[in-house]
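Trainee: sharing a model prediction with you, sequence too.
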Amino acid sequence: MSPLPTNIVRRGDASRSALAVASLRAVHQLLDEPLVLADRIALPLLGPSAEAALRSDPFALNDPLSRGLRAALVARSRFVEDGLSRCVAAGVRQYVVLGAGLDTFAYRNPYHDEELQVFEVDHPGTQRWKQQLLAEAGIDVPPGLTFVAVDFERDDLTHVLQRSGFRADQPACVSWMGVTMYLTVDAVLRTLRAAAGLADGSCLCFDYRVPTAMLDPVERAISDVFEQRVAALGEPWLSSFDPAQLQSQLIALGFRSAESATPEELNERYFARRKDGLRTGGSVRILCANK
Ligand SMILES: C[S@@+](CC[C@H](N)C(=O)[O-])C[C@H]1O[C@@H](n2cnc3c(N)ncnc32)[C@H](O)[C@@H]1O
């Protein structure tokens, strides 16, 4: 078997792609009006010098490719948080953020009265770095938050969650955004199998890359640029999936339904009638599966 390409996260370093996407969410707070994702933690979490640099020149990260990616990032966060709000209204009290990176939901959690428990699941190197950033920024770790260390290439999500106080007999809302592309197909399918064992009433929303051959020439050219950029960061893309096949696989694993949210639907839902023309697109698709 050929070895996996070098991945700095598996080596134990913090994820650089997590910093890159968090910086773009922070730029969204400064440049985009109206906001798709209102996130008062996005800037302070990056630390005083990074926050000051972005505030003084947010346009440094406003080239057309960064703008398109920024739209995709805020749309996916808003999409999962809208889904979470429906889950909480239906009685779900556990939220699991897989590959959390610098996701800030737990520090803005509006569901204190509902006692929503949040589990941030990530590689230990990224998690240590986030905890340092939180401490340096004076952002308290809220009582309902549990950090759970995982290596998706090696660990079984069910066992990892079991050891962390997660109630396997209770439903959960699970998000897994911006992670599967950095994992092997085996690791993605193993984690999906574990998620299929969640209690009835649970839901899982994640995104994944579609094969390059399925993209139009413009999307393919953009995808090639991003592929080179993430490889240069030390986090190469390792997987892609055919949407129809993946949907069937989720049903075969035991999910009751699996529905995709296309870029067109996200544009209609979150970017309609904007004067600044911000729109999402690209080679990544979102799937939500329900138990
Ligand atoms: C691009 S970041 C996305 C972070 C976050 N979901 C967001 O949208 O901001 C990728 C995340 O995947 C995590 N990751 C990559 N490979 C991993 C692995 N083998 N096991 C656990 N986490 C991994 C990284 O630590 C990082 O947090």
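Mentor: Happy to help now that I have it.
Trainee: residue of this structure closest to the ligand, please.
Mentor: Closest contact between the chain and the ligand, by CB to the nearest ligand atom, is at Gly101 (2.4 Å). Yep, even glycine has a C-beta here, placed from its N, CA and C like the rest.
Trainee: pull the number of nearby residues for that residue.
Mentor: Residues within reach of Gly101, counting by other CB atoms under 10 Å, total 25.
Trainee: same deal with Gln132?
Mentor: 12.
Trainee: give me the three-state assignment for it.
Mentor: Reduced to three states with DSSP: H, G, I helix; E, B strand; the rest coil, the structure at Gln132 is helix.
Trainee: which pLDDT value belongs to it?
Mentor: For Gln132, the model assigns a pLDDT of 97.
Trainee: Gly12 too?
Mentor: pLDDT, Gly12: 84.
Trainee: got a list of what Val150 touches?
Mentor: Taking CB atoms under 8 Å, 6 or more residues apart in numbering, we find Val150 in contact with Leu98, Val121, Asp122, His123, Leu157, Val160.
Trainee: before we move on, the earlier item: name the element the residue nearest to the residue of the chain closest to the ligand when sequence neighbours are not counted belongs to?
Mentor: Excluding the flanking residues, the one nearest Gly101 by CB to CB, 6 or more residues apart in numbering is Ala18, at 3.2 Å. Assigned by DSSP states H and E, Ala18 belongs to helix 16-31.
Trainee: any idea how far that helix is from the chain center?
Mentor: Centroid separation for helix 16-31 versus its chain: 13 Å, with CA atoms, centre = their mean, to the nearest Å.
Trainee: for that helix, packing partners?
Mentor: Contacts defined by 3 or more CB pairs under 8 Å, 6 or more residues apart in numbering; DSSP states H and E place helix 16-31 against helix 48-56, helix 64-89.
Trainee: okay, those helices, which one's buried deepest?
Mentor: The highest average neighbour count among those, using mean count of other CB atoms under 10 Å, belongs to helix 64-89 at a mean of 19.
Trainee: figure out how far it is from the centre of its chain.
Mentor: Its chain's C-alpha centre and that of helix 64-89 lie 9 Å apart, by CA atoms, centre = their mean.
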